[in-house]
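Undergrad: Got a sequence here, can you build the structure:
(chains A and B)
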Amino acid sequence: MNERHDDLAASAEQHLADKAHELFDESVQALDAQTQSRLNRGRQRALAELDSRAGFRTPSKWVPAAGVAAVAVFAVVLWSGKPPVDEISPPATTSDLEILLNQDSFEMLQDLEFYSWIDLDAELDAGANVG
Amino acid sequence: MSARAGEYAISCTSEDQTGVTTLRHEQELDRFLAEVERRAIRIAEISIRDRDEALDLVQNAMIKLVRNYAERPSEEWTPLFYRILQNGVRDWHRRQAVRNRVMVWFGRPANDDRDFDVVAAAPDPAGRTPEEQIESGEAMQCLELALRDLPQRQREAFMLRTFEGLNVAGTAVAMGCSEGSVKTHYSRAVHSLRETLGEHWQ
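TA: Residues are numbered from 1 along each chain as shown, chains lettered A, B, ... in the order given. You can find the predicted model right below:
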């Protein structure tokens, strides 16, 4: 008796899940062209990240350039006799204020929770990789 | 062939292979994102009731997946993508809650309802009569309303399992919880939905 009741309940649940899936698929198929176009643009933007990362990570291109730059800086420092120092640096309060008033900083402050989540997520992933 | 020419040839071959691997990888990611993006936009839209915002969330999720997890095995992409997306949805809800509190404080209406109409937003699907479209649209609208009444975690579990077809383990990764929790959330979601929709859906 109980088994039959469980079977019926499971069958009804499956029916609901199947119908929900079917309706959802129909609504996905019905997405308008404008939305699909925006999704496509978003995807291309995301894939552009891959290109920039691949270019940046290719060591054969960047290592020699970085080496030459380091040698050049070292040579300039030796030639001038002392490392360059900023003669006039703005008061700390002014630069702090500029940073705070910067639009990007405001946006970052608004999304502080989001950035902390990204950090946490990265730490969790690092932990998972170690484990 | 001189030794120097041989070295050059080996170097070129290596670069070519790297290029081919990168291209293949990019194509694989492109296919994955193209497959997942349309379901993802609907899942996000059901959760936050705003298509523009949902588009932004999906795009951010795609960018973060490519940026942080592109080198992971492709089997892991789906749960990871939805984990990013679901976190984005949760953050969006938190920001909205803060925004609403601020708006109430300044005496403005907390929710500037944009008259979101699910049926009106859905364009004509192909091959169905208008009556069938209306019937299907109404059923989906009922489902969306019922889903919005669910607690967030139950809604996530139901959508990931039923709409995206993730298994329990994949859903657990996407939700950042244990498989046991997924089963509990999913079971409660189905029971609630049956109670809400049951009489219309039998």
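Undergrad: Please, which helix or strand holds residue B:40?
TA: helix B:3-48 (DSSP states H and E).
Undergrad: the longest helix in chain A is where?
TA: helix A:2-29 (DSSP state H).
Undergrad: So which elements touch that one?
TA: Counting by 3 or more CB pairs under 8 Å, 6 or more residues apart in numbering or on different chains; DSSP states H and E, the packing neighbours recorded for helix A:2-29 are helix B:3-48, helix B:130-149, helix B:179-201. C-betas here are computed from N, CA, C, even on glycine.
Undergrad: can you list the domain ranges for chain B.
TA: As given by automatic domain parsing, the domain ranges for chain B are B:1-116, B:125-202.
Undergrad: Any chance of the ones you listed in a markdown table with distance to residue A:48 as columns?
TA: What follows is the domains of chain B, written out as a markdown table (distance: least, CB to CB, whole Å):
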| stretch | distance to residue A:48 |
| --- | --- |
| domain B:1-116 | 9 |
| domain B:125-202 | 25 |
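Undergrad: Quick check: which of these is buried the most?
TA: domain B:125-202 (a mean of 17; mean count of other CB atoms under 10 Å in any protein chain shown).
Undergrad: distance between it and the chain's centre?
TA: Here the centre of domain B:125-202 is set off from its chain's centre by 13 Å, with CA atoms, centre = their mean, to the nearest Å.
Undergrad: follow-up on the earlier one: relative to residue A:10, which of the domains of chain B is closest?
TA: Relative to residue A:10, the nearest member of those by CB to CB is domain B:125-202, separated by 10.1 Å.
Undergrad: After the helix holding residue B:40, which helix or strand is next?
TA: Next element after helix B:3-48 (DSSP H and E): helix B:51-69.
Undergrad: What is the least confident helix or strand in chain B?
TA: Lowest by mean pLDDT, DSSP states H and E among the helices and strands of chain B is helix B:118-121, with a mean of 49.
Undergrad: What does residue B:72 show for phi and psi?
TA: Residue B:72 adopts backbone torsions of phi -70, psi 160, taken as degrees, to the nearest 10.
Undergrad: any low-confidence regions in the chain?
TA: Just so you know, I chose chain A. A:1-2, A:53-66, A:81-115, A:117-118, A:121, A:124-131 (pLDDT under 70).
Undergrad: please go with chain B instead
TA: For chain B, applying pLDDT under 70 flags the ranges B:1-21, B:107-133, B:199-202.
Undergrad: one more time with 90
TA: Low-confidence segments of chain B (pLDDT under 90): B:1-27, B:71, B:96-141, B:196-202.
Undergrad: What residues does the most centrally placed residue in it make contact with?
TA: Residue closest to the mean C-alpha point of chain B, counted by CA atoms, centre = their mean, is residue B:40 at 3.1 Å. Residue B:40 makes contacts with B:58, B:61, B:81, B:82, B:85, as judged by CB atoms under 8 Å, 6 or more residues apart in numbering or on different chains.
Undergrad: again, 7 Å this time
TA: Listed by CB atoms under 7 Å, 6 or more residues apart in numbering or on different chains, the contact partners of residue B:40 are B:58, B:61, B:85.
Undergrad: what's the answer for residue B:56, then?
TA: Neighbours of residue B:56 in contact, by CB under 7 Å, 6+ apart: none.
Undergrad: rerun that using 10 Å as the cut-off
TA: Residues in contact with residue B:56 (CB atoms under 10 Å, 6 or more residues apart in numbering or on different chains) are A:38, A:42, B:44, B:50, B:88, B:92.
Undergrad: Same check on residue B:165?
TA: Per CB under 10 Å, 6+ apart, neighbours of residue B:165: A:21, B:39, B:78, B:171.
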